[in-house]
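> A predicted structure for the sequence below; I have some questions about it.
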Amino acid sequence: MRTSLCNLLPLNLGFCFFWLQREGHTMLTLVVFLLCAASSVTASAKGGAAGPRLNNDQLYKFSYSTEVLVDRVRGSKEGTAGYRISSDVDVNLVWRDPSNKDDQLIQLAISNVRIEPASQRSKKKNVLHGSTAESLLGKTKLAALTKPFFLHLKNGKAKAFYSFWAEPATIKNLKRGLASLLQMQRTTGKVIENDVSGRCTVEYKAVKRQVTRTKVLDTCKTAETGFTTHSQVLGIGRKSSSVTTFTLEDGFIHSAVAEETHSLAINSHRSAAAKVVSRQTLTLVGTEAGPLEAAGTDVAEVVKSIDAKLAAVGIIADKIKSKCKGCPTLFEHWQSEQKQLEPASLSKATAPRSFLALLQSIRKASKDEILKVLQSASKTSLPQVVDAVTSAQTTASLDAMIQFLNFTDAKGLVLQERFLYACGFASHPNERMLQVLLDISKGKIGSADIKESTVIIMGALVHKLCQKGGCNLPAVVEVKKLILDGPDSTTVESEVQMYLLALKNSLLPEAIPIFTKYAESEVGAYCTIALTALQRYDFTLMTNEVKHTVNRVYHQNHRVYEKNVRAAAADVILSSNPSYMEVKNLLLSIGNLPHEMNKYMLSKIQDILRFQLPASNVVRHAMKDAISHNYDRFAKVGSSSAYSGFMAKSADVTSTYSLDILYSGSGILRRSNMNIYGASNGALLHGLQVAIEAQGLESMIGATADEGEGDLESFAGMSALLFDVQLRPVTFFKGYSDLMSKMFSMSGDPMNVVKGLILLTDHSEVIQLQSGLKASAEFQGGLAIDISGGMEVSLWYRESKTSVNNRGALVVTGNVTVDMDFMRVGVEVSYETEASLDFITTVQFSEYPFLVCMQMDKTTFPFSESLSKYESISSGKSVVSHKRKKQLVPGSEFPLHQENSNMCKKVFDSSW
């Protein structure tokens, strides 16, 4: 009974095994399980054909073509770039296992090879005009391509591919592409197969004489790996498909038509997109009498008898390294780009364009070649070279930087910090980069600022490596321990801040208890860092303990806190999925706060409602209570404010800004916080945060400090977070004597916070096409940025002015190239822009309520897109088409609340 059940269910071996195991016959279970497996294999062999089955002594004659096309995704009037390889193919059975008709050794022979454009071209635009397969490939490669090769097919699956080791990789890959077309099964189902594309999951659908094979390309595993930007907003979106339709006749393939498409688009600007399309067509044109089957007991014996040099070289494609003929050396390239990387050009698109071009050359260069460029660069261009070399993220580039920089020399601060920031913005950092920074932090460092930046940036690298699943790498584990233990390992204020900022960058869940502890510190700077760090975490990680702590800080249950600390606590509460009671208590506090904080909290609540922020529903619910929401509470006056708005909205990305300003009761700025976010496809990027803080300045104008702030030391500084990476804060002045010396020497010029070239988008991959051809995709985005800020105070005019100036130029390029030995075709999509954004706050504190005017201006800026397609052959002949579209985007002043507009009118009227 049990044996017959197994025979009835040859495919359901798991059921067989379970049914017997349930009876408790352990040994019998194993024996019968194996018998079931053998039975299922035999049933397959004895029943219908599993895959294509060739007839004995018959030669199948096919026509074969494979073509590759590149273009932008939505196509273009100029047509695609690409070519077609056509040939005749003879296929015959060499050997078959007598006990299994689906165990076959098949010979394939290519002949009459032709290479031609994929579409009709004029003579002028036809790079292949006058060329033949022999002139393009060369006699040796053409002879190799037309040499017969063999495929061992068992039950429709490729078990081995036989060719010659000495053949060029490009030739073997083309043969593999053809051989892969013969692999198929005649039943519906999902399997894992090896073919030229790699090891892939494949879905079959069989209907009568037609079989459709759909390859799930995301599952394909190959030896060639690439990398991509960790941020989805700045990254690349990819869509791929591969479908082959087989028509069968007399048990074998009558036709096979395959089409494979790969589309890549920049997530933030999807019109900048490129695609590669690969098509294969194999059609039976006739049959005739063929050679007799070879004698032999197995495949290996038969292959050896045909030609001893034949070898099982694997069906998965070989790696191919393209060689650039006539390309300049790195040093020659640097000399041609040097002028564009001088500081005067950093606000122009030519700077990031040259940066990206130089970066590609650096990635192919040796350490000595890179050092030659570093050592020859001018003093003014050298910081930009450091940006490019570090952003290359190769072993050679990192080795060159380690050798070039001397961290014991305090005079090298600018170059050292540029190196560290470039590491922080790295698109695909590895463990070695983190280890290098760890070694630097352990050694002698000439500048305290560099020591701080090194540790802070290590936190950013920990976050990126953990995102990629590298949290348990030895260097990551060591750095995690260093920064987690750091705050409690020292009593030096600057060092505690350094470790807290590193933890803020790391976003480690283990750091949440540390931030919770320091949120209640007696040092205001610790509280602010801890609270702003907690705001960066997903609200699901905010435990009740964390929420209770943050609420205690805001409501001052245990001690008095500075206004900016309480404001930061309110931000955490409102952004962490607040409960009804939390919001109600916040509302009830309004009216019992210092004047300016009352106004700030009112503005914050109104902004949440107006801009439909996540907490808006619970806030609206809490405001239904008349005690929480009444005229007395919501009619408080002051100049502090909070406002959010849209910078840009499109189908691809939404960019928003927020401006929060908190003043002291005397009219002097306490905190200014500007944020810019980008959102795309559900992903969020904190593009920019510039926070200016000031304290202890009331003595300058004879005013009284607010509650809990009477003993604060005079201080003003700025902190920046750029593309999710917290940078080292900058101090304008600290202490009364430093304040007075800078007051009298103050030029009004802004202080630089960050300046340099940043690699925003970085995507590189090799796309192995089923035809055997390879495409490479390179998408890079470079940003030249200059962020500065300043603060001026005039005692004579009783006026203060703070400014944040952002200047930038962005260039993004995407290349998809099919580069074979004999021909190169490709498409490049790109866009570029230059822009500036200024945020200026003017305060007149000669009377109360004082006058405050905020301005956020975007200048008119150019925007251009371009499309290039190119085809070239090994002789040097090439055809290039180029199309460019330019436009001017009008400048504007971003809207703020109506109160601000009214105030600005008064400020400028009084100034006039």
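Looks like it came in fine. This is a predicted model, so every value here is computed, not measured.
> give me the buried positions along stretch 438-458.
438, 440-441, 445-447, 449-458 (16 or more other C-beta atoms under 10 Å). No exception for glycine: its C-beta is placed from N, CA and C like everyone else's.
> which ones among these are found in helices?
Within these, membership in helices is found for 438, 440-441, 449-458, as judged by DSSP state H.
> need the three-state assignment for Ala166.
Ala166 falls in the coil class when you classify it by DSSP: H, G, I helix; E, B strand; the rest coil.
> roughly how far apart are it and Ile320?
Plainly put, Ala166 is 16 Å away from Ile320 if you go by C-beta to C-beta, to the nearest Å.
> and those two? which has more neighbours close in?
With other C-beta atoms under 10 Å as the criterion, Ala166 and Ile320 differ in neighbour count, and Ile320 comes out ahead with 20 against 9.
> neighbours around the nearest residue to the more buried one once chain neighbours are set aside, how many?
Spatial nearest neighbour of Ile320, excluding adjacent residues (C-beta to C-beta, 6 or more residues apart in numbering): Ala169 at 5.1 Å. A total of 16 residues lie near Ala169 under the criterion other C-beta under 10 Å.
> let me see the contact set for Ala169.
Contact criterion C-beta atoms under 8 Å, 6 or more residues apart in numbering gives 318-320 as the residues in contact with Ala169.
> which of the residues you listed scores worst on pLDDT?
Model confidence across the contacts of Ala169 bottoms out at Ile320, which has 84.
> do I have it right that that one meets Lys172?
No: using C-beta atoms under 8 Å, Ile320 and Lys172 do not qualify as a contacting pair, with a distance of 9.9 Å.
> for the residue nearest to Ile320, phi and psi?
Per-residue torsions, Ala169: phi -60, psi -40 (degrees, to the nearest 10).
> any buried residues in the helix or strand hosting Ser305, and which?
Assigning secondary structure by DSSP states H and E places Ser305 in helix 299-306. For helix 299-306, the neighbour count (16+ other C-beta under 10 Å) marks 299, 302-303, 306 as buried.
> output these as CSV; include the columns pLDDT and distance to Ser658.
Formatted as CSV, the buried residues of helix 299-306 follow (pLDDT from 0 to 100; distance: C-beta to C-beta, whole Å):
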residue, pLDDT, distance to Ser658
Val299, 94, 69
Val302, 95, 74
Val303, 95, 70
Ile306, 94, 74
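> tell me which two of those residues sit farthest apart.
For the buried residues of helix 299-306, the maximum inter-member distance is 10.8 Å, found between Val299 and Ile306 (C-beta to C-beta).
> residues contacting the spatially closest residue to Ser345 that is not a sequence neighbour?
Across the structure, with C-beta to C-beta, 6+ apart as the measure, the residue nearest Ser345 apart from its sequence neighbours is Ala351 (4.8 Å). Ala351 is in contact with 340-341, 345, 384, 757, 784, 809, counting by C-beta under 8 Å, 6+ apart.
> between those, which is closest to Lys464?
For Lys464, the nearest member of the contacts of Ala351 is Leu757. The distance, counting by C-beta to C-beta, is 19.0 Å.
> roughly how far does the residue nearest to Ile320 sit from Arg114?
Taken as C-beta to C-beta, the spacing of Ala169 relative to Arg114 amounts to 22 Å.
> which residues touch the residue most central in space within the chain?
For the chain, the residue sitting closest to the mean C-alpha position, by C-alpha atoms, centre = their mean, is Thr229 at 1.9 Å. Contacts of Thr229 were listed using C-beta under 8 Å, 6+ apart, and they are 235-236, 427-428, 760-763.
> at 10 Å instead, please
235-236, 267, 426-428, 759-763, 779-781 (C-beta atoms under 10 Å, 6 or more residues apart in numbering).
> tell me the spacing between Ser506 and Thr656.
To Thr656, Ser506 is 25 Å away according to C-beta to C-beta.
> wait, Thr817
Counting by C-beta to C-beta, the gap between Thr817 and Thr656 amounts to 37 Å.
> what do you get for Leu465?
Computed with C-beta to C-beta, the distance linking Leu465 and Thr656 is 29 Å.
> repeat for Val583
22 Å.
> which one of these two has more residues nearby?
Val583 (22 against 19).
> the more buried one: what's it in contact with?
By C-beta under 10 Å, 6+ apart, the contact set of Val583 is 573-574, 605, 608, 615, 618-623, 628.
> now these: which count as buried?
Judged by 16+ other C-beta under 10 Å, buried ones among those: 573-574, 605, 608, 615, 618-619, 622-623, 628.
> so can I have JSON lines of these showing pLDDT and distance to Lys858?
Converted to JSON lines, those look like this (pLDDT from 0 to 100; distance: C-beta to C-beta, whole Å):
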{"residue": "Ile573", "pLDDT": "97", "distance to Lys858": "32"}
{"residue": "Leu574", "pLDDT": "96", "distance to Lys858": "28"}
{"residue": "Ile605", "pLDDT": "94", "distance to Lys858": "28"}
{"residue": "Ile608", "pLDDT": "95", "distance to Lys858": "25"}
{"residue": "Ala615", "pLDDT": "94", "distance to Lys858": "28"}
{"residue": "Val618", "pLDDT": "95", "distance to Lys858": "33"}
{"residue": "Val619", "pLDDT": "94", "distance to Lys858": "30"}
{"residue": "Ala622", "pLDDT": "93", "distance to Lys858": "36"}
{"residue": "Met623", "pLDDT": "91", "distance to Lys858": "34"}
{"residue": "Ser628", "pLDDT": "82", "distance to Lys858": "38"}
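> quick check: the farthest pair among those residues?
Of all pairs drawn from those, the one with the longest distance (C-beta to C-beta) is Ile573 and Met623, at 15.7 Å.
> okay, now the unreliable bits of the stretch 201-350 of the chain?
In the prediction, the stretch 201-350 of the chain carries residues with pLDDT under 70 at positions 325.
> which parts of it are helices?
Listed from the start of the chain, the stretch 201-350 of the chain has helices (DSSP state H, counting those that start in this stretch) covering 299-306, 330-337, 350-363.
> what's the angle from the second one to helix 350-363?
Compare the direction of helix 330-337 with that of helix 350-363 by axes from the mean of the first three to the mean of the last three C-alpha atoms, to 10 degrees and you get 180 degrees.
> what's the spacing between the closest residue to Asn505 other than its chain neighbours and Thr543?
Once flanking residues are discounted, Asn505 sits nearest to Gly459: 3.4 Å by C-beta to C-beta, 6+ apart. From Gly459 over to Thr543 the distance is 22 Å, taken as C-beta to C-beta.
> so what's Glu203 up against?
Residues in contact with Glu203, defined by C-beta under 10 Å, 6+ apart, are 188-191, 212-216, 243.
> one more: Pro509?
When the contact criterion is C-beta under 10 Å, 6+ apart, the partners of Pro509 are 466, 537-538, 541.
> retrieve the pLDDT associated with it.
The pLDDT attached to Pro509 in the predicted structure is 97.
> buried subset of the contacts of Glu203, written for ChimeraX?
To isolate in ChimeraX the members of the contacts of Glu203 that are buried, counting by 16+ other C-beta under 10 Å, one can use:
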select :213,214,215
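> could I get the contacts of Glu203 as JSON lines with distance to Leu888?
Compiled in JSON lines, these are given as follows (distance: C-beta to C-beta, whole Å):
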{"residue": "Thr188", "distance to Leu888": "57"}
{"residue": "Gly189", "distance to Leu888": "57"}
{"residue": "Lys190", "distance to Leu888": "53"}
{"residue": "Val191", "distance to Leu888": "56"}
{"residue": "Thr212", "distance to Leu888": "50"}
{"residue": "Arg213", "distance to Leu888": "50"}
{"residue": "Thr214", "distance to Leu888": "46"}
{"residue": "Lys215", "distance to Leu888": "46"}
{"residue": "Val216", "distance to Leu888": "45"}
{"residue": "Val243", "distance to Leu888": "44"}
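> return the member of the contacts of Glu203 nearest to Lys275.
When these are ranked by distance to Lys275 (C-beta to C-beta), Val243 comes first, at 15.4 Å.
> beta-bridge partners for the residue lying closest to the closest one once chain neighbours are set aside, please?
By the measure of C-beta to C-beta, 6+ apart, the closest residue to Val243 outside its immediate chain neighbours is Thr214, 5.3 Å from it. Note on Thr214: beta-bridge partners Glu203, Val243, judged by DSSP bridges.
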